[in-house]
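Peer 1: have a look at this prediction, sequence included:
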Amino acid sequence: MSISETQIRQVHLPPEVIPDTWVGDIAASQEAVPPILELRRFSPFVVHLQEIAVEQDDQVEVRVRGDTLQFNLVAGSLRDLEVNPFDILAKDNIWFNLWASAIKSDLRAYYGLRVYQPTVAHKLAFGISLTAEERRIESELGISKSVQKGVLPLPWSLQREREYQVMAEETHGRILGIGTATTAIEAIHPRVNEFVVLTGIACDPGAAGDAITVTIDRDQDANYVPALLTHPLALTRDLSCFIPALTEIRLSVVAAGAVADWNVRYTFLRCRMTNLLRVRFGLVSKEELPEPSLWDKVKGGVL
């Protein structure tokens, strides 16, 4: 099931990386119908299409559009169902699909979509208009000068290193008998003064006809990632994601029929809840902070 505008609206602990998988048929000289990913009207969020993986096939073309950027490339030149380095920014629309010169059945792909509300620094870098409050923050902190120097906004990798104080990283695994009734894999809960972040999933792919799907629920967001098809996945590689939760992450699985000895592995972080993240997650007001200036710095993208 393609990532929807509804899922984007459920992002409230940003940045979040939503994973998606796809299995489908393509007619000769046609694109997949409907497109693997097609999103519009997701303001005030911005998104990054990343980590695209497809089957290596000279008869298949990868097609990507992000706002005004558009390109096509032959899937035969990419790693076979392994992550390829993509990071396509979009403020207004994002689109990803496959085209085939010959008939294709049960073709497989997966990708991630990073979603967040831009800070003042992001807006300046991306050419997005500022609100009156954001103009005040920019003026007081001199953010435009840092953007012009190229030191802001922070890259996602650096932001993750700086902001998320990891207290533990855990990888869990299960071997289950599954079938048409939903089977719980695990419910992951944070400890006191912490939150958890799901960062990866790997599993037995199963046959296409098994139609094995994994669902990720987060806090009160039931079916946050619904019906994640496992056929493009494998135990030899992780499907990356970044899904924070304040109270619980629940993983479950269902299949079209009985499947014995199904293996699944997943990794998550236990992170300390800090005032910086309380501001970013919208869990505290400016007046509640022991250091009110932190509010402007987080909203400005300085921290």
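Peer 2: Arrived safely, thanks for sending.
Peer 1: going by C-alpha atoms from here, please, whenever you check contacts or count neighbours.
Peer 2: Will do.
Peer 1: which residues in the stretch 151-300 of the chain form strands?
Peer 2: For the stretch 151-300 of the chain, the strands defined by DSSP state E, counting those that start in this stretch occupy 166-178, 183-188, 194-203, 213-218, 221-229, 239-245, 249-254, 259-272.
Peer 1: could those strands go into CSV alongside mean pLDDT, mean neighbour count and distance to Ala125?
Peer 2: Listed next are the strands of the stretch 151-300 of the chain as CSV, based on pLDDT from 0 to 100; neighbours: other Cα atoms under 10 Å; distance: least, Cα to Cα, whole Å:
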stretch, mean pLDDT, mean neighbour count, distance to Ala125
strand 166-178, 98, 14, 29
strand 183-188, 98, 16, 37
strand 194-203, 98, 22, 28
strand 213-218, 98, 21, 31
strand 221-229, 95, 19, 30
strand 239-245, 98, 24, 24
strand 249-254, 98, 21, 34
strand 259-272, 98, 18, 29
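Peer 1: pairing partners for the closest residue to Arg191 other than its chain neighbours in the sheet, please.
Peer 2: Of all residues not flanking Arg191 in the chain, Arg270 sits nearest, at 8.0 Å (Cα to Cα, 6 or more residues apart in numbering). Beta bridges link Arg270 to Ala168, Val196 when assigned by DSSP bridges.
Peer 1: now Arg270: how far from Ile3?
Peer 2: Separation of Arg270 from Ile3 (Cα to Cα, to the nearest Å) stands at 26 Å.
Peer 1: ditto for Phe71
Peer 2: 21 Å.
Peer 1: cool, and Ile243?
Peer 2: Computed as Cα to Cα, the Ile243 to Ile3 distance reads 14 Å.
Peer 1: which residues sit in contact with the closest residue to Leu198 other than its chain neighbours?
Peer 2: Once flanking residues are discounted, Leu198 sits nearest to Phe268: 4.3 Å by Cα to Cα, 6+ apart. Phe268 is in contact with Glu169, Glu170, Thr171, Val196, Val197, Leu198, Thr199, Gly200, counting by Cα atoms under 8 Å, 6 or more residues apart in numbering.
Peer 1: nearest to Gln30 among those?
Peer 2: Taking Cα to Cα as the measure, Gln30 lies nearest Gly200 of these, at 32.4 Å.
Peer 1: quick one: Val60 and Leu98 touch, right?
Peer 2: Yes. Counting by Cα atoms under 8 Å, Val60 sits close enough to Leu98 to count as a contact (6.7 Å).
Peer 1: where do the helices sit along the chain?
Peer 2: Assigned helices in the chain, in chain order: 5-9, 120-126, 132-141, 143-149, 156-163, 275-280, 293-300 (criterion: DSSP state H).
Peer 1: the third one - what's its average pLDDT?
Peer 2: Translated: helix 132-141. Here helix 132-141 scores 97 as its mean pLDDT.
Peer 1: report the buried residues of that helix.
Peer 2: Glu134, Ile137, Glu138 (16 or more other Cα atoms under 10 Å).
Peer 1: ok, the shortest one next?
Peer 2: Applying a neighbour-count criterion of 16+ other Cα under 10 Å, the buried positions in helix 5-9 are Ile8.
Peer 1: which helices and strands does it pack with?
Peer 2: Secondary-structure packing of helix 5-9 (3 or more Cα pairs under 8 Å, 6 or more residues apart in numbering; DSSP states H and E): no helix or strand packs against it.
Peer 1: outside of it, which residues touch it?
Peer 2: Leu39, Arg40, Arg41, Phe42, Phe45, Val115, Tyr224, Val225.
Peer 1: between Phe71 and Ile3, who's got more neighbours?
Peer 2: Neighbours around Phe71 and Ile3, counted as other Cα atoms under 10 Å, are more numerous at Ile3. The numbers are 20 against 9.
Peer 1: per-residue pLDDT, that one?
Peer 2: On pLDDT, Ile3 comes in at 96.
Peer 1: my guess is it meets Asp20, correct?
Peer 2: Yes. Contact criterion Cα under 8 Å: Ile3 and Asp20 qualify, at 6.8 Å.
Peer 1: thought the residue nearest to Arg191 was touching Ile188?
Peer 2: No. Applying Cα under 8 Å, one finds Arg270 not in contact with Ile188, separated by 10.1 Å.
Peer 1: between these two, which contacts overlap?
Peer 2: Listed as contacting both Arg270 and Ile188 by Cα under 8 Å, 6+ apart are Val196.
Peer 1: any idea how far Ile94 lies from Ala28?
Peer 2: Ile94 sits at a distance of 24 Å from Ala28 (criterion: Cα to Cα).
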